[in-house]
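A.B. asks: Provided below are the primary sequence and the corresponding predicted coordinates.
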Amino acid sequence: VLDVATGLAGFSMIYNWPDNFPKLVLSDNDPFIINSLSYYLKLVGKKNVIFVEADYPTFPSKIAAFGFIMANKFLHHLKRPDRIKFLKWSMDILEPNGVLEILDTDLEYHILEQSKQPEFGDRLTLGYRETLVKIEKNFISTLKSDIEDAGFRVTHFDCRDYFDETDAFSQNPGDNLSLKFSGLEIVAEKPA
């Protein structure tokens with residue numbers, strides 16, 4: 001099992017991964033994540049969990065095949081050409097009948113669009129807008145199409161609209177910003 005761009009979720013994954021499960025490969029390229037998860041992994045001593053440094057979509061081609069790849073809240077960080085490269089790489093690295101699972105949102109697209117309005121953009125955390133990757137408006141439909149074009153068979157697709165009011169992106173605690181976005185869940189299989 002490969003978890004792409006693990007992030008801080010790696011701590012709970014390491015802790016909760018049963019000893020009798022197959023090998024779990026966690027991957028990321030952020031120095032804080034690399035150092036923290038590597039240290040935590042040594043502390044807990046899990047033998048069936050490893051951590052590798054990876055900078056997608058240029059992940060090394062010389063790696064074992066996987067039966068399952070998880071890409072959670074990652075693909076919206078890539079512009080479409082890089083997402084397509086990642087999907088092709090995933091197809092190559094998966095075993096026959098292997099599964100690619102994607103959970104993601106188009107939240108950052110909507111934040112960028114709303115930030116064009118001063119009453120929203122001026123309230124965002126300073127510098128946050130510059131960290132966002134501009135994805136296409138129809139991210140969800142193009143992602144599903146690109147998955148199929150890469151040769152995957154989509155076995156599950158779910159998309160829902162969400163509304164949230166939060167100060168997570170606001171300069172000032174308690175100054176809630178209203179956000180509308182879509183979340184998606186896709187499970188795709190590599191044909192045998």
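C.D. replies: Thanks, I have the structure now.
A.B. asks: Not counting residues beside it along the chain, what's closest to the spatially most central residue of the chain?
C.D. replies: Centroid-nearest residue in the chain, with CA atoms, centre = their mean: Phe74, separated by 2.0 Å. Excluding the flanking residues, the one nearest Phe74 by CB to CB, 6 or more residues apart in numbering is Ala5, at 4.2 Å. For the C-beta atoms, the positions are set from N, CA and C on the backbone; glycine is no exception.
A.B. asks: where exactly do the helices run in this protein?
C.D. replies: Secondary structure of the chain by DSSP state H: the helices cover 9-16, 31-44, 80-93, 107-114, 118-121, 139-149.
A.B. asks: In JSON lines: the ones you listed, plus distance to Ala65 and mean pLDDT.
C.D. replies: As requested, the helices of the chain are arranged in JSON lines below (distance: least, CB to CB, whole Å; pLDDT from 0 to 100):
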{"stretch": "helix 9-16", "distance to Ala65": "20", "mean pLDDT": "94"}
{"stretch": "helix 31-44", "distance to Ala65": "22", "mean pLDDT": "93"}
{"stretch": "helix 80-93", "distance to Ala65": "6", "mean pLDDT": "93"}
{"stretch": "helix 107-114", "distance to Ala65": "32", "mean pLDDT": "94"}
{"stretch": "helix 118-121", "distance to Ala65": "45", "mean pLDDT": "93"}
{"stretch": "helix 139-149", "distance to Ala65": "19", "mean pLDDT": "96"}
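A.B. asks: hang on, the earlier thing: who touches the residue nearest to the centre of the chain in this structure?
C.D. replies: Val4, Ala5, Tyr56, Asp104 (CB atoms under 8 Å, 6 or more residues apart in numbering).
A.B. asks: Ignoring the adjacent residues along the chain, who's closest to the first one?
C.D. replies: The shortest distance from Val4 to any residue that is not its chain neighbour, by CB to CB, 6+ apart, is 4.4 Å, and that residue is Ala71.
A.B. asks: Okay, and the beta partners of that neighbour?
C.D. replies: The partner list for Ala71 in beta bridges (DSSP bridges) reads Val4, Ile102.
A.B. asks: What separation is there between it and Asn97?
C.D. replies: 18 Å (CB to CB, to the nearest Å).
A.B. asks: likewise Asp146?
C.D. replies: In terms of CB to CB, Asp146 sits 21 Å off from Asn97.
A.B. asks: Go ahead and confirm Thr155 touches Glu185.
C.D. replies: No: in this structure, Thr155 is not within contact of Glu185 by CB atoms under 8 Å, at 11.3 Å.
A.B. asks: Between the two, point out the one with more neighbours.
C.D. replies: Neighbours per residue (other CB atoms under 10 Å) separate Thr155 from Glu185, with Glu185 holding more: 14 against 10.
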